[in-house]
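Asks: Quick check, what structure comes out for this input:
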Amino acid sequence: MPKIDPGSNTQRRLAAIFCADVEGYTRLMGVDEAATLRLITACRGIMDYLIGHYGGRIANTAGDSVLAEFPSAVNALECALAVQDRLQGLNTEVSDERRVNFRIGLHVGEVLVRNGDLFGDGVNVAARLQGLAAPGSVCLSEVAHQFTSRTMHLTFEDLGLKSVKNVEDPIRAFQTRPLGIDRPELMPPVHRRVDAYLARRFHDLCHRALLEVTWTERLEVIEYATIASLEDAPEIDQAQLAKRLSIGYRKTGIILKRLELLGLAERTSVLDGQRKLAFHLTSNGLDIRRRLRPSILAALDNIMAPLSEKERETLRTLLIRIIQANDAKGSSDVAR
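Replies: Reported below is the predicted structural model:
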């Protein structure tokens, strides 16, 4: 059992301490702030998942850094290497000047835990090791190296004794990297030249991400899109809604009926030159729309993380041009 300091809520325990930080954070923010935040969020999503997967617990975090503890040094190093490997894969799709590289320090020592946050000399040592790490690598203390080198078949580079700020004695440091297993080519080169294939893959990515969010409320993606449209244009009729959603009149009616049964939308009779049926959201519908919207935007930002803000705006412009040109062509065909 961890010791509890008398008269305080601070606990002492031994832990493997994982400290990660973004290399060149200020420079990256200066290049493209919005895109950098999206990319760091995507990286943090990978890191947070892997920390939990390997049995760790995230303690302190800042915008560009993460501090976590593990009950096992081996698990902590396995996690750190998995993080660097996954982030290396993400960076292959990002331009050189925008790549987000993390440095990770790993130490085994005593920590103080207060309200879930970590403090103490052990944390300070892990932070200094992180500062010694090359981007994309993991830097270990001698203690962490002793716990892991006998179990894990890795190449460790002995960096020697290092004097670091706020640590009285020099630290002997070791550095290692992921094994660099070749990743399979996920997309055959021939498919990279097929517009329809790329469009389908892009649609699948977006639909899957949105479904993960909307399904928490047992909604399909198109049902959420309908809810969003009803908030944007209250008292819209079925024909106008079908046009707005770019789906058939009959399918729109089926969706509206389901939303009515769920108590998320209701119909009303309005007088607009002539009496017609219109639809608007109930209070429950408005609540779901406002509750899910931040998660929807975050999911889409995560997909777009490899793009700079300028590239993302270019993609929007190209998609709009394609859609409008084909809509115009469809109208011309109907007129003929």
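Asks: quick one, strands of the stretch 1-150 of the chain?
Replies: For the stretch 1-150 of the chain, the strands defined by DSSP state E, counting those that start in this stretch cover 3-4, 11-22, 57-62, 65-70, 102-114, 117-119, 138-141.
Asks: out of the ones you listed, which comes closest to I40?
Replies: With respect to I40, and counting by Cβ to Cβ, the nearest of those is strand 11-22 at 6.5 Å. Where C-beta positions appear, they are placed from N, C-alpha and C, glycine not excepted.
Asks: Can you mark which positions in the strand or helix carrying R289 are buried?
Replies: For R289, the element it lies in under DSSP states H and E is helix 283-303. If you call a residue buried by 16 or more other Cβ atoms under 10 Å, then helix 283-303 has these buried ones: G285, L286, I288, R289, L292, I296, A299, D301, I303.
Asks: ditto for stretch 121-135
Replies: For stretch 121-135, by 16+ other Cβ under 10 Å, it's G122, V123, N124, V125, A126, A127, R128, L129, Q130, L132, A133.
Asks: same thing with stretch 104-115?
Replies: Applying 16+ other Cβ under 10 Å to stretch 104-115 flags I104, G105, L106, H107, V108, G109, V111, L112, V113 as buried.
Asks: follow-up on the earlier one: which of the buried residues of stretch 121-135 has the weakest pLDDT?
Replies: pLDDT is lowest at G122 among the buried residues of stretch 121-135; the value there is 86.
Asks: Can you pull out the low-pLDDT segments for the stretch 101-250 of the chain?
Replies: Across the stretch 101-250 of the chain, residues meeting the criterion (pLDDT under 70) sit at 180-187.
Asks: can you rerun that using 50?
Replies: Scanning the stretch 101-250 of the chain for pLDDT under 50 picks out nothing.
Asks: if we can go back for a sec, which ones among the buried residues of stretch 121-135 are found in helices?
Replies: G122, V123, N124, V125, A126, A127, R128, L129, Q130, L132 (DSSP state H).
Asks: what residues are up against the second one?
Replies: Going by Cβ atoms under 8 Å, 6 or more residues apart in numbering, V123 touches I17, C19, L67, V111.
Asks: before we move on, what about the fourth one?
Replies: With contacts defined as Cβ under 8 Å, 6+ apart, V125 is in contact with I17, G105, H107, G109, S141, V167, I171.
Asks: just the first one next, same as before
Replies: For G122, the set of contacting residues under the criterion of Cβ under 8 Å, 6+ apart consists of A15, I17, H107, V108, G109, E110, V111.
Asks: Quick check: chain neighbours aside, which residue is closest to it?
Replies: Nearest residue to G122 in three dimensions, chain neighbours excluded: G109, at 3.1 Å (Cβ to Cβ, 6 or more residues apart in numbering).
Asks: I figured that neighbour hits L14, correct?
Replies: Yes - here G109 reaches L14: they are 7.1 Å apart, a contact under Cβ atoms under 8 Å.
Asks: ok, and the closest non-adjacent residue to A82?
Replies: Computed as Cβ to Cβ, 6+ apart, the closest residue to A82 that is not its neighbour in sequence is L50, at 5.2 Å.
Asks: what's the neighbour count on that neighbour?
Replies: 19 (other Cβ atoms under 10 Å).
Asks: and the gap between it and W215?
Replies: Distance, L50 to W215, using Cβ to Cβ, to the nearest Å: 24 Å.
Asks: N101 now?
Replies: 34 Å.
Asks: quick one, which of the two is more surrounded?
Replies: N101 (17 against 12).
Asks: which non-adjacent residue is nearest the more buried one?
Replies: P135 (3.6 Å).
Asks: all helices for the stretch 101-250 of the chain, in order.
Replies: Using DSSP state H, counting those that start in this stretch, the helices assigned to the stretch 101-250 of the chain run over residues 121-132, 142-149, 195-214, 221-232, 238-245, 249-261.
Asks: Y54 - nearest residue in space that isn't next to it in sequence?
Replies: C79 (3.7 Å).
Asks: before we move on, what about N60?
Replies: N60 sits nearest to L67 (Cβ to Cβ, 6+ apart), 4.2 Å away.
Asks: Which residues does the one you found form beta bridges with?
Replies: Going by DSSP bridges, L67 is paired in beta bridges with C19.
Asks: what's around it, how many residues?
Replies: With other Cβ under 10 Å as criterion, L67 counts 23.
Asks: T282 now?
Replies: T282: 16 neighbours (other Cβ under 10 Å).
Asks: my guess is it contacts L264, does it?
Replies: Yes - the pair T282 and L264 qualifies as a contact (Cβ under 8 Å) at a distance of 5.9 Å.
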